[in-house]
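Using only what follows, build the 3D model:
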Amino acid sequence: MKYTTLPNTDIKISKICLGTMTFGQQNTEAEGHAQMDYAFEKGVNFFDTAEMYSIPSKLETYGSTEKIIGTWFKKSGKREEVVLASKIVGPSPSFGYMREKLDFSPKSIQVALDQSLQRLQTDYIDLYQLHWPERKTNMFGQRGFKVQPDAWEDNIQLVLETLDGFIKQGKIKHIGLSNETPWGVMRFLEESKYKNLPRVKTIQNPYSLLNRIFETGLSEMCLRENIGLLAYSPLAFGVLSGKYLKGMKPNYRIALFPQYGRYNSEQCTEATKLYQKIADKYGLSLTEMALAFVNQQAFMASSIIGATTLEQLKENIASLDVVLSDEILKEIDAVQAIFPDPAP
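Now for the predicted structure:
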């Protein structure tokens with residue numbers, strides 16, 4: 001395993017982070033425990049979850065992933081050896097069953113945090129993240145920013161003050177953002193700098209061969225401000241494993257959850273075919289090449305990998321040993337020029 005540190009801290013984290021959003025629907029508790037056992041054995045000390053998981057979130061199963069992680073902590077006794085990240089949901093008309101109001105008000109953060117801690121059977125979360133912005137902006141498949149009617153008023157100072165209170169109580173160690181834009185990151189940095197408030201350490205956004213939008217704006221932001229990217233969907237919901245090129249099966253994630261279809265376009269398919277040819281040419285699996293591309297970016301803190309089988313997890317973790325040559329990177333960039341970010 002390779003390690004780095006959570007930016008601006010002395011906390012050691014593995015360059016592979018175990019994504020857990022399948023625990024509770026696609027994976028049973030026993031399967032989730034087996035994945036955590038294997039990942040930990042291979043040196044993965046960084047787990048990521050969220051209050052809304054498992055995916056797709058619904059009344060019957062939300063919070064199930066945190067509960068499964070909690071029972072693993074209790075059984076294994078390894079809580080102190082794991083760097084744990086979780087998230088609070090942002091506004092959404094779909095998730096009203098979670099609590100009275102889905103926002104980042106002091107009351108909402110307290111309720112969400114306390115419920116997560118209870119499910120996780122722990123007294124603290126190492127990295128607490130805002131799952132998506134309160135304001136209306138471009139995220140979740142919306143490529144460019146469009147002005148929309150928005151009742152949001154800038155409350156970033158209050159959010160940071162609230163999180164600071166929980167840091168002082170010991171319930172949170174550090175904070176991060178997710179599905180954010182350059183403007184949002186800079187506002188948080190501005191408030192932390194001039195108001196002496198906690199500084200965001202990470203941003204969790206999608207990044208893969210099919211979605212390199214992060215490189216426009218946010219990559220420079222991360223490098224110059226020392227914020228680490230936690231890349232999610234590095235395999236684009238499994239599309240970049242190449243398995244979809246052989247035909248759709250009923251148990252594939254896109255077949256199970258068609259509402260998450262950002263990687264299911266004709267352009268994504270054609271780009272994936274070209275990436276598969278490059279991988280074949282250099283004796284790599286497409287999974288190895290896709291994950292290696294993400295892993296070796298300078299702005300990366302850790303790549304979040306999720307799997308539904310141990311076999312997938314083993315291949316994903318092993319990809320950390322693959323280093324792409326300049327020749328491979330040039331051929332990847334040539335495909336990017338033909339199909340620039342087919343998945344927004």
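
surely residue 300 meets residue 229?
Yes. Contact criterion CB atoms under 8 Å: residue 300 and residue 229 qualify, at 5.4 Å. Any C-beta I mention is one placed from the backbone N, CA and C, and that applies to glycine too.

The two: which is more packed in?
More crowded of residue 300 and residue 229, by other CB atoms under 10 Å: residue 229, with 26 against 19.

Tell me how far that one lies from residue 137.
18 Å (CB to CB, to the nearest Å).

ok, now residue 8?
25 Å.

out of those two, which sits in the busier spot?
The neighbour count for residue 8 versus residue 137, taken as other CB under 10 Å, is higher for residue 137 (18 against 15).

was I right about the more buried one contacting residue 145?
Yes. If you go by CB under 8 Å, residue 137 and residue 145 touch, sitting 6.2 Å apart.

Mind listing the shared neighbours of these two?
By CB atoms under 8 Å, 6 or more residues apart in numbering, residue 137 and residue 145 have these common neighbours: residue 181.

Residue 204 belongs to a strand?
Yes. Counting by DSSP: H, G, I helix; E, B strand; the rest coil, residue 204 is found in a strand.

Let me know the pLDDT of it.
Per-residue pLDDT puts residue 204 at 98.

Next, count neighbours for it.
Count around residue 204 with other CB under 10 Å applied: 28.

who's it bridged to?
Taking DSSP bridges, one finds residue 178, residue 230 as the beta-bridge partners of residue 204.

distance of it from residue 288?
From residue 204 to residue 288 the distance is 23 Å (CB to CB).

what does residue 306 give?
To residue 288, residue 306 is 17 Å away according to CB to CB.

between those two, who's got more neighbours?
residue 306 (26 against 21).

Run through the strands of the stretch 101-250 of the chain in chain order.
For the stretch 101-250 of the chain, applying DSSP state E, counting those that start in this stretch gives strands covering 125-130, 172-178, 200-206, 228-232.

Now tell me what touches the second one from outside.
This points to strand 172-178. Applying CB under 8 Å, 6+ apart, the set of residues contacting strand 172-178 from outside is 6, 9, 11, 85, 87, 113, 124-132, 160, 163, 166-167, 184-185, 188, 198-205, 230.

now that strand, how far from the chain's geometric center?
Relative to its chain's centre, strand 172-178 lies at 13 Å (CA atoms, centre = their mean, to the nearest Å).

what is the mean pLDDT for that strand?
98.

ditto for the shortest one
Predicted confidence along strand 228-232 averages 98 (mean pLDDT).

Counting by contacts, list what that strand packs against.
Where contact means 3 or more CB pairs under 8 Å, 6 or more residues apart in numbering; DSSP states H and E, strand 228-232 is packed against strand 200-206, helix 218-225, strand 300-305.

Export the ones you listed as CSV, with columns for distance to residue 261.
Converted to CSV, the helices and strands packed on strand 228-232 look like this (distance: least, CB to CB, whole Å):
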stretch, distance to residue 261
strand 200-206, 14
helix 218-225, 23
strand 300-305, 20
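
Spatially central, which residue of this structure would that be?
residue 232 (3.7 Å; CA atoms, centre = their mean).

which residue packs closest to it, ignoring adjacent ones?
residue 304 (4.7 Å; CB to CB, 6 or more residues apart in numbering).

Can you list the buried residues in stretch 270-289?
Judged by neighbour count using 16 or more other CB atoms under 10 Å, the buried positions of stretch 270-289 are 271-272, 274-276, 278-279, 284-289.

all helices for the stretch 201-344 of the chain, in order.
Secondary structure of the stretch 201-344 of the chain (DSSP state H, counting those that start in this stretch): helices at 218-225, 253-256, 266-281, 286-295, 310-318, 326-338.

most packed of those helices?
helix 286-295 (a mean of 23; mean count of other CB atoms under 10 Å).

for it, packing partners?
helix 266-281, strand 300-305, helix 310-318, helix 326-338.

Any chance you could list what contacts that helix?
For helix 286-295, contacts defined as CB under 8 Å, 6+ apart pick out 15-16, 207-209, 231, 234-236, 240-242, 272, 275-276, 278-279, 282, 284, 300, 303, 305, 315-316, 318-320, 322-324, 328-329, 332.

chain center to it, what's the gap?
On CA atoms, centre = their mean, the centre of helix 286-295 falls 16 Å from the chain's centre.

Could you do stretch 334-344 as well?
21 Å.

which stretches of the stretch 201-344 of the chain aren't confidently modelled?
Across the stretch 201-344 of the chain, the ranges flagged by pLDDT under 70 are 248-260.

90 instead, please
Where the stretch 201-344 of the chain drops to pLDDT under 90, the residues are 243-244, 246-265, 344.

just to revisit the earlier point, can I get the strands of the stretch 101-250 of the chain in a markdown table including distance to residue 310?
Below are these laid out as a markdown table (distance: least, CB to CB, whole Å):
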| stretch | distance to residue 310 |
| --- | --- |
| strand 125-130 | 25 |
| strand 172-178 | 27 |
| strand 200-206 | 24 |
| strand 228-232 | 21 |
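
What residues sit buried inside stretch 160-179?
Neighbour counts over stretch 160-179 (16+ other CB under 10 Å) mark 160, 162-164, 166-167, 171-179 as buried.

next one: stretch 106-120
Using 16+ other CB under 10 Å as the test for burial, stretch 106-120 gives 106, 108, 109, 111, 112, 113, 115, 116, 117, 119, 120.

quick one, what contacts the third one?
In this case it means residue 109. Shown in contact with residue 109 (CB under 8 Å, 6+ apart): 88, 159, 162, 163, 166.

Fine, thanks again, bye for now.
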